[in-house]
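Undergrad: Sequence first, then the predicted structure, then my questions.
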Amino acid sequence: MGVRHISIWPAIVTMLVFSISAARADDGFCPTDPAYPAATRIVHVSTEDGPTYGTMQYSQTASLGPKEVALTFDDGPNPDNTLRILDILDRHCIKATFFMVGYYAGKHPELVREVAARGHVIGTHTWLHPNSLRQLSPVQAQREIRRGFEAVETALASAPTEDRRRLAPFFRFPGLNDSAALIHWLGERHVATFSCEFGADDWKPIGSAEIRRRAIRNIASVGRGILILHDTKPRTADMLSSFIMTMREQGYSFVQLAAEPTSAARAATAPNGILGAAERSVADAQQAVTATEPSLEPDPVLR
Ligand SMILES: [Zn+2]
């Protein structure tokens, strides 16, 4: 009898734990970080006519509330680091936006699908990450941009529809080195350009504690906005969980940038659109996989 009573307890405890965490999730709390919400607020931005976002370079930005921060990760997917970042974001129930380099998307398509499957939005960041698209001919620069989108599309081709829709008409210039002509070209295709409000210098040879310190300092100086991080950097992953916890303790919350659905649909069907079928060339993208490695140069604007 006694033995039977004792053996019931683990089952009861398990049931209680499950019902508490289920209740918390139902109540909108993050099961693995229960002081905070299970869902990330989505900030829908228009991509119609190719707006530019981020007051570090442009006059307008996404409409974030006070103390709201949108996390963005550039230069991946990275086989050593992207999954670590995804696990940390999951633990804190935060969705983000990833600006991927096409070459790496082509090399690690399973990581592209994983990022999408975990609910993150994907924008692109060219094919080979040339330090400045301004130094290329217009045709070369447009080809770099188009191939970046094609590579992510190809990686997502076998993914469920919901995950394929995670690819947004979002673009970020390598090194934030934009050009008016290319912004106009993107605009004709209803692709939005993203700069930021702040960086954390995580591309510089500084330690994770210093990256964390600079991120917190830079965010505090502006109060809200888009943060650029790099999912290629182990030291960024090292500080990410502690950074998130500190920000939340200070009253900040995290939001996710996503394309406003009707303008995203417009980009997908634009004549000669980057995301439309007219200029899509899978053979081109496949052939390009043999190209040279990207050169991941720092972002001069963030210096
Ligand atoms: Zn970059």
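TA: Nice, thanks for sending it over.

Undergrad: Could you use CA atoms for every contact and neighbour count after this?
TA: Fine.

Undergrad: Which residue ranges of the stretch 151-300 of the chain form helices?
TA: 161-164, 180-188, 208-222, 234-249, 261-268, 282-288 (DSSP state H, counting those that start in this stretch).

Undergrad: So which bits of the longest one are buried?
TA: Pointing back at helix 234-249 there. Buried residues in helix 234-249, defined by neighbour count with 16 or more other C-alpha atoms under 10 Å: 234-241, 243-244, 247.

Undergrad: Please, where are all the strands along the stretch 101-250 of the chain?
TA: 121-124, 167-171, 192-194, 198-199, 225-230 (DSSP state E, counting those that start in this stretch).

Undergrad: Is there any residue in the shortest one that contacts the ion?
TA: If I follow you right, that is strand 198-199. No. Using C-alpha under 5 Å from the ion, no contact is recorded between strand 198-199 and the ion, whose separation bottoms out at 11.8 Å.

Undergrad: Quick check: which helices or strands does that strand pack against?
TA: Under the contact criterion of 3 or more C-alpha pairs under 8 Å, 6 or more residues apart in numbering; DSSP states H and E, strand 198-199 touches helix 208-222, strand 225-230.

Undergrad: try 6 Å
TA: Helices and strands in packing contact with strand 198-199 are listed as strand 225-230; criterion 3 or more C-alpha pairs under 6 Å, 6 or more residues apart in numbering; DSSP states H and E.

Undergrad: For the strand it packs on, which strands pair with it and how are they oriented?
TA: Paired with strand 225-230 in the same sheet, following DSSP bridges, are strand 68-74 (parallel), strand 198-199 (parallel).

Undergrad: can you list contacts of the first one?
TA: What it means is strand 68-74. Applying C-alpha atoms under 6 Å, 6 or more residues apart in numbering, the set of residues contacting strand 68-74 from outside is 96-100, 224-231, 252-256.

Undergrad: repeat for stretch 257-266
TA: Taking C-alpha under 6 Å, 6+ apart as the rule, stretch 257-266 contacts 43-48, 168.
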